[in-house]
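Peer 1: Generate coordinates for the sequence data below:
(2 chains)
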There are 2 protein chains.
Amino acid sequence: MDISNLRRLISTIKRPTLLIDKNIVFDNIKKMSQKAKKSSVNFRPHFKTHQSAGIGNWYRQFGIQSITVSSLDMAVYFSNFGWQDITIALPVNLREIERINELSNKVKLNLLVESIEVVSYLEKKLHNKLKLWIKIDTGYNRTGLFWNNFKEIISLAERIKHGNQVMYSGILTHTGHSYQARSEAEIRDIYLDTLQKLMKVKEKLKESGNLETKISFGDTPCCSVIENFSEIDEIRPGAFIFNDLQQKQIGSCQFENIAIVLACPVLAKHESRNEILIHGGAVHLSKDYIVDQEEQKIFGWVYDLDGVHGNQIVPETWVKSLSQEHGIIKTNKDFFARINIGDMVCVIPVHSCLAVDLMRVMYTFEGEKIDCSPKFY
Amino acid sequence: MDISNLRRLISTIKRPTLLIDKNIVFDNIKKMSQKAKKSSVNFRPHFKTHQSAGIGNWYRQFGIQSITVSSLDMAVYFSNFGWQDITIALPVNLREIERINELSNKVKLNLLVESIEVVSYLEKKLHNKLKLWIKIDTGYNRTGLFWNNFKEIISLAERIKHGNQVMYSGILTHTGHSYQARSEAEIRDIYLDTLQKLMKVKEKLKESGNLETKISFGDTPCCSVIENFSEIDEIRPGAFIFNDLQQKQIGSCQFENIAIVLACPVLAKHESRNEILIHGGAVHLSKDYIVDQEEQKIFGWVYDLDGVHGNQIVPETWVKSLSQEHGIIKTNKDFFARINIGDMVCVIPVHSCLAVDLMRVMYTFEGEKIDCSPKFY
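Peer 2: The predicted model follows:
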């Protein structure tokens, strides 16, 4: 991060504030978009990470035209800012059929399905012919048809193929179990394993009904680590744009790729236990945590603004607990002595998507205000 | 909860929506306010739970005039809706001194301190004379001067007493360790233990400098369970207004006192594992969880809309995991069979304050829209 710009900015900040290093953000987008181009796959970034029209515009500079979102509300929001090709990466919500029809008059909308029941409903209710992806579960066990359930996958694909109001796109997966990885090597293994499964599904679909099947692949860890996507058709990473502690722990980014910090005022110090109280809580950072090697919950690490440790985090220092607005930083004697009440500390969030969703506003290190996470109700 | 009204309302709802039973809310406020009156203590409810001008107005019907908030932003927000006596229950943030001065021109503002350093700063910078509470740590170990550190507590109180710009109110504590309790009896023990400590501090302050010390006491579990507050001067509970799973687990409320649910559309079903996918994730419920007796993480329980189990939760059924927008409900064969894709399920949040902060809008069971959690930036 650009420490001198960050330092200058936080000297003017008075309350918990989310800050992003625009240069790192641009660098993260650039690298991912170049990799996608090199492999000739479509880059359809997940916009749930930023939920921001402003940051959406930054993507446009890299030629991005298709996006992923995680709710119809988000799709409507981005359509209002000119995005014309949107995949809602959550199994379609039948209760929202009217708004889906409305939106599909304006933009190219792609939906996710995993049951004949839902496809039949869409067949009856859709006003415009929409492309459907079959959601495949490759081992994350959140949702989707399990990858080796070829029978159901094939009959669902056939049902879509023969529909009047729906078109068949292919198979889509979110390899969420990559979040259990702890090294690049483990992430590669998960990618290769997933790829093998998806290729098998594709092969079965080809054999059965001569179905041309595209493969859409999501998750930041795999997309960050893998260089060559030539076997698939589309990537949908989101969190790579900011990265965070979780991505660092997984092994999908380095410190220098993390673009986001929450600046927090120091409210009190407790010398007997080397703890610093900050204004920065669950309503700023979220209650997401990582667990370190000592089985301790970590709600954030502290970025070293003094550069004592060479543009890195402060050692032996972590956010150990969060209430609604309070955060407690556990630290060592050295950092404890360096920090005063009224100072600011910069916390790297565990999960950037959730911090952004909570904060609703970000600032670049240059002080540019960026609205995000709009109100949908 | 009023199931028939709730059922009628959710038949019209299409996306994750936060709903409150206004009758239960009123009942919860009424009981707490009557208890406070009976003990002749000031009832200063914590408004961080709802962050809503509209719900603030409901409190007015019970004669409430003084409130607690957890940030200066929240204090400014409520001052714009006519609240004139506000305690910010977070150690004062020195960086916000200008806005504190501004706000203190309009309202009676009470601040929390725990160090001479901060009091000296306030002495120099405050434009209006403000009342200060000394934050006491009675065992929660989040912040405050430790209760038996009489020397520091006395010298801080003396410093405030002799200040020109500050006035001494007394001692204030948040017994956050009551959240570890699992029965009314345990909560009572914590209250009595805390009371003993605070009375000792008060006695020491009286002995040392003839200081008249008021006691302000917060936390929903103790305030919900204890009937007689005659030894103290003020209570500041917040979460009791809605209650939630956490309060139920602690033993500070019954099911019939829970006033809040998140209505979530059902997106998919997974029969092999009796799991139901809902649209309802970390951006709706927060990542807060409770741990049950089998050491499982619970992110929510499911309210039984069919009344099969007598206005209670659905047995053997819980939200087992949350991503940003996805939630997975683990259930039994019976409930699994009763629920269809496109139905709504009502999830009782683990932590109502965080769900309200995330959702920004609530509806009463009668469909009245209530804005909450305003944007502060």
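Peer 1: Would you map the helices across the stretch 101-250 of chain A?
Peer 2: A:116-125, A:150-161, A:184-209, A:220-225, A:245-250 (DSSP state H, counting those that start in this stretch).
Peer 1: among those, which is nearest B:Cys372?
Peer 2: Nearest to B:Cys372, of all the helices of the stretch 101-250 of chain A, is helix A:245-250, at 28.8 Å by CB to CB. In short, each C-beta sits where N, CA and C put it, glycine included.
Peer 1: now the helices of the stretch 101-250 of chain A as JSON lines including distance to chain B?
Peer 2: Shown next, in JSON lines, are those (distance: least, CB to the nearest CB, whole Å):
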{"stretch": "helix A:116-125", "distance to chain B": "6"}
{"stretch": "helix A:150-161", "distance to chain B": "11"}
{"stretch": "helix A:184-209", "distance to chain B": "17"}
{"stretch": "helix A:220-225", "distance to chain B": "12"}
{"stretch": "helix A:245-250", "distance to chain B": "12"}
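Peer 1: okay, these, which one's buried deepest?
Peer 2: Among these, the stretch with the highest mean neighbour count (mean count of other CB atoms under 10 Å in any protein chain shown) is helix A:220-225, at a mean of 26.
Peer 1: how far is that helix from where the chain is centred?
Peer 2: Using CA atoms, centre = their mean, to the nearest Å, the distance from the centre of helix A:220-225 to the centre of the chain it belongs to is 11 Å.
Peer 1: And the contacts of it?
Peer 2: With CB atoms under 8 Å, 6 or more residues apart in numbering or on different chains as the test, helix A:220-225 has contacts from A:32, A:35, A:175, A:178-179, A:181, A:184, A:187-188, A:190-191, A:194, A:217, A:235-240, A:243, A:247, A:250-253.
Peer 1: how about the strands of the stretch 1-150 of chain A, start to end?
Peer 2: Counting by DSSP state E, counting those that start in this stretch, the stretch 1-150 of chain A has strands at residues A:17-20, A:42-43, A:66-69, A:85-91, A:108-113, A:130-137, A:145-146.
Peer 1: now for the ones you listed, which one comes closest to chain B?
Peer 2: Set against chain B and scored by CB to the nearest CB, the strands of the stretch 1-150 of chain A come closest in strand A:85-91, at 4.2 Å.
Peer 1: Name the strands paired with that closest one and say parallel or antiparallel.
Peer 2: In the sheet, strand A:85-91 lines up against strand A:66-69 (parallel), strand A:108-113 (parallel) (DSSP bridges).
Peer 1: what angle sits between it and helix A:116-125?
Peer 2: Angle, strand A:85-91 to helix A:116-125, by axes from the mean of the first three to the mean of the last three CA atoms, to 10 degrees: 140 degrees.
Peer 1: send the alpha carbons of strand A:85-91 over as CSV?
Peer 2: What follows is strand A:85-91, C-alpha atoms only, in CSV (Å, rounded to 0.1, in the frame of the first residue of the first chain):
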residue,chain,number,x,y,z
ASP,A,85,-25.1,-8.6,-19.4
ILE,A,86,-25.7,-9.8,-15.8
THR,A,87,-25.6,-13.3,-14.2
ILE,A,88,-27.4,-13.7,-10.9
ALA,A,89,-25.2,-16.3,-9.2
LEU,A,90,-27.8,-17.5,-6.7
PRO,A,91,-30.4,-20.1,-7.7
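Peer 1: Residues contacting it, please?
Peer 2: With contact meaning CB under 8 Å, 6+ apart, strand A:85-91 is reached by A:44, A:46, A:65-72, A:74-75, A:78-79, A:107-114, A:118, A:133, A:135, A:143, A:172, A:174, A:216, A:218, A:236, B:267-268, B:277, B:279, B:325-326.
Peer 1: Please repeat the previous calculation with a cut-off of 7 Å.
Peer 2: Contact with strand A:85-91 is made by A:44, A:46, A:65-72, A:75, A:78-79, A:107-114, A:135, A:143, A:218, A:236, B:267-268, B:277, B:279, B:325-326, as judged by CB atoms under 7 Å, 6 or more residues apart in numbering or on different chains.
Peer 1: For PyMOL, what selects the buried ones among the residues you listed?
Peer 2: In PyMOL, this line selects whichever of the contacts of strand A:85-91 come out buried by 16 or more other CB atoms under 10 Å in any protein chain shown:
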select buried, (chain A and resi 44+46+66+67+68+69+70+71+72+75+78+79+107+109+110+111+112+113+114+135+143+218+236) or (chain B and resi 267+268+277+279+325+326)
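Peer 1: Let's have the strands paired with strand A:85-91 in CSV, adding mean pLDDT.
Peer 2: Formatted as CSV, the strands paired with strand A:85-91 follow (pLDDT from 0 to 100):
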stretch, mean pLDDT
strand A:66-69, 98
strand A:108-113, 98
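Peer 1: Same list, these, but as CSV with distance to B:Tyr59 please.
Peer 2: Below are these laid out as CSV (distance: least, CB to CB, whole Å):
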stretch, distance to B:Tyr59
strand A:66-69, 38
strand A:108-113, 44
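Peer 1: And the closest residue to A:Ile116 other than its chain neighbours, how far from A:Glu114?
Peer 2: Spatial nearest neighbour of A:Ile116, excluding adjacent residues (CB to CB, 6 or more residues apart in numbering or on different chains): A:Arg159 at 5.4 Å. Computed as CB to CB, to the nearest Å, the A:Arg159 to A:Glu114 distance reads 12 Å.
Peer 1: ok, now A:Phe62?
Peer 2: 32 Å.
Peer 1: hmm, back to that, which one of the strands of the stretch 1-150 of chain A lies nearest to B:Ile154?
Peer 2: strand A:17-20 (37.0 Å).
Peer 1: Sheet-wise, list the partners of the closest one with their directions.
Peer 2: With DSSP bridges as the test, strand A:17-20 is paired with strand A:260-270 (antiparallel), strand A:361-364 (parallel).
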